[in-house]
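Engineer: My questions concern the predicted model and sequence given below.
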Amino acid sequence: MGVPIDPHLLDDLEWRGLIAHSTDLDALREAFSEGSIKFYVGFDPTAPSLHMGHLVQILTARRLQNAGHTPYALVGGATGMIGDPKEAGERTLNTLDTVKDWVERVRGQIEPFLSFEGPNAATMVNNYDWTASLSTIDFLRDIGKHFPVNRMLARDVVKSRLEAGISYTEFSYVLLQSMDFLNLHRDYGVTLQFGGSDQWGNLTAGVELIRRADGGKAHAIATPLMTRADGTKYGKTEGGALWLDPELMSPYAFYQFWLNVEDEKIGELLRVFTFLAREEIEALEAQTAEKPFLRAGQKALAEHVTALVHGAEETERIKAASAALFGGGDLSALSTPTLAAALREAGAITVAPGLGIVDLLVESGLVKSKGDARRTISEGGAYLNNVRVEDPDLVPGEADLIGGSWLVLRRGKKSFTGIEVK
RNA sequence: GGCAGGUUGCCCGAGCGGCCAAUGGGAGCGGACUGUAAAUCCGUCGGAGUAUUCCUUCGCAGGUUCGAAUCCUGCACCUGCCA
């Protein structure tokens, strides 16, 4: 209906490595070519914020919308009450209030990435709306009848849990997600669902339910799980997940994460997490291969992803802060406003004069206890104004204050905290 | 309902009366090497204290003992086998 469709969408997704699994790709290609199709991707509120893994889905949704297709972004007000089974073990159930709160936060994080105007405007849906009032009898008869338990038991996640145990609640999760797809298919004509590759079982179950229940035809694609070069999960390095919420992870730390990505992953991450064109990405990859020490790929990646999530203005401030803090040894060469701005970006606290170095380290949050502070100092990992601290009894004085009031405390190579003394 | 086994630090997993804040691996943290990379090597890894010191910790609550993560009793939860 007048929406220009990008005919190269599927090729682009494949080139970016975004299709880890799929149902019949040729059929999907045909569906894409016939006009704006309606697709959905779901997000369960299992935490107060989405993280890097969800960002893959969000950006993929945007790619599809940019190509002319119509997004339905689903937040799992119902499925979030249940929790999908994961290998690690049974989840702890959250209260309805918690889930409702998280639903709103998650919704707010998704919305900026999609367009809610025009002929292929996005729609937000919440599966709580059609699940909460569903009767058990209807659910068991209309949905449950289509799910052979022998097939459900054969799924990898379930199999891996049979020893340790899995509740009926989590075992049933796949029915709810499949029902979502069925309902969106019926009510809106949604014909494609995508999600992370760990969702593949849930995705295909939905496709199958649509076929069994309605004789309908639907598609599913799964995006790959992002891992580090050694195959381990991301997010362990910075002591937690890579949150999109600036309250949970400062934009500065977010930017630093991308800047520190391994060389081998640059191409992959640029393809998945940026909207840069193929030629630009290939040029950056070549640069990274030839002159890795310039870190051109990392810089571009960090800049683009941070701008997508936290905005261009914030990204500029972060870049300036990073340049100041990592620029060289002599911090006093910077102007005080520049330094202060950089430190506020990286994280800063205010303290009264007279505190010793051990207390300052604890106050700054760089270490978690005084013992940790002493240990760090004895290991040579504590720096005041870029000079290694040797004496744990050191008390910074007037002469140490940069611009009359600032101290720069650093732990290790990368963790800075600004301290304003007044 | 019966029988058997289990519950240890962020995770996995030893310990089975004192030498245990508790072996080992992973993760984390620091150092060296580098490029704010990877790999590697070294160190570190409950809290307070600059000391051979104290406090809290081995599912929960009691008990035995000079002394327990280790033995006993009860409770909770998990797993397996049998009904």
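Structural biologist: In hand now; what should we look at? Numbers count the residues shown, from 1 in each chain, chains lettered A, B, ... in the order given.
Engineer: what about the nearest residue to A:Asp129 once chain neighbours are set aside, neighbour count?
Structural biologist: Distances taken as CB to CB, 6 or more residues apart in numbering place A:Gly77 nearest to A:Asp129, at 7.5 Å, with adjacent residues excluded. Using the backbone N, CA and C atoms, a C-beta is placed for each residue, glycine as well. For A:Gly77, the count of nearby residues is 24 (other CB atoms under 10 Å).
Engineer: tell me the contacts of A:Gly77?
Structural biologist: Contact analysis of A:Gly77 by CB atoms under 8 Å, 6 or more residues apart in numbering lists A:45, A:99-100, A:103, A:126-129, A:131-132.
Engineer: Domain-wise, how is chain A divided?
Structural biologist: A:9-223, A:251-310, A:334-421 (automatic domain parsing).
Engineer: So, low pLDDT: which residues of the stretch 251-400 of chain A?
Structural biologist: Applying pLDDT under 70 to the stretch 251-400 of chain A flags residues A:328-329.
Engineer: Spatially nearest residue to the residue most central in space within chain A, not counting backbone neighbours?
Structural biologist: Centroid-nearest residue in chain A: A:Met52, 1.7 Å away (criterion: CA atoms, centre = their mean). Nearest non-adjacent residue to A:Met52, counting by CB to CB, 6+ apart: A:Leu242, 3.9 Å away.
Engineer: any idea of the pLDDT on the one you found?
Structural biologist: For A:Leu242, the pLDDT comes out at 84.
Engineer: Give me the distance between it and A:Met81.
Structural biologist: 25 Å (CB to CB, to the nearest Å).
Engineer: low-scoring stretches of the stretch 101-250 of chain A, by residue?
Structural biologist: A:163-164, A:230-240.
Engineer: Which residue, neighbours along the chain excluded, lies closest to the residue in it positioned nearest to RNA strand B?
Structural biologist: Per CB to the nearest atom of the strand, A:Gly165 is where the stretch 101-250 of chain A lies closest to RNA strand B, at 2.2 Å. Nearest residue to A:Gly165, sequence neighbours excluded (CB to CB, 6+ apart): A:Glu90, at 7.1 Å.
Engineer: For burial, what's the neighbour tally of the one you found?
Structural biologist: So A:Glu90, with other CB under 10 Å, has 15 neighbours.
Engineer: Would you mind measuring from A:Asp359 to A:Leu409?
Structural biologist: For A:Asp359, the distance to A:Leu409 (CB to CB) stands at 11 Å.
Engineer: can you check A:Arg375 too?
Structural biologist: Distance from A:Arg375 to A:Leu409, by CB to CB: 16 Å.
Engineer: again with A:Ala348
Structural biologist: In this view, A:Ala348 and A:Leu409 are 10 Å apart by CB to CB.
Engineer: Would you mind telling me which of A:Arg375 and A:Leu409 has the busier surroundings?
Structural biologist: A:Leu409 (25 against 14).
Engineer: so where do the strands sit in the stretch 51-200 of chain A?
Structural biologist: Along the stretch 51-200 of chain A, counting by DSSP state E, counting those that start in this stretch, strands occupy A:70-75, A:123-126, A:190-196.
Engineer: can I get the ones you listed in a markdown table with mean neighbour count?
Structural biologist: As requested, the strands of the stretch 51-200 of chain A are exported to a markdown table (neighbours: other CB atoms under 10 Å):
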| stretch | mean neighbour count |
| --- | --- |
| strand A:70-75 | 24 |
| strand A:123-126 | 17 |
| strand A:190-196 | 24 |
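Engineer: Compile those strands into a markdown table and extend it with columns for distance to A:Arg295.
Structural biologist: Output for the strands of the stretch 51-200 of chain A, formatted as a markdown table (distance: least, CB to CB, whole Å):
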| stretch | distance to A:Arg295 |
| --- | --- |
| strand A:70-75 | 34 |
| strand A:123-126 | 38 |
| strand A:190-196 | 28 |
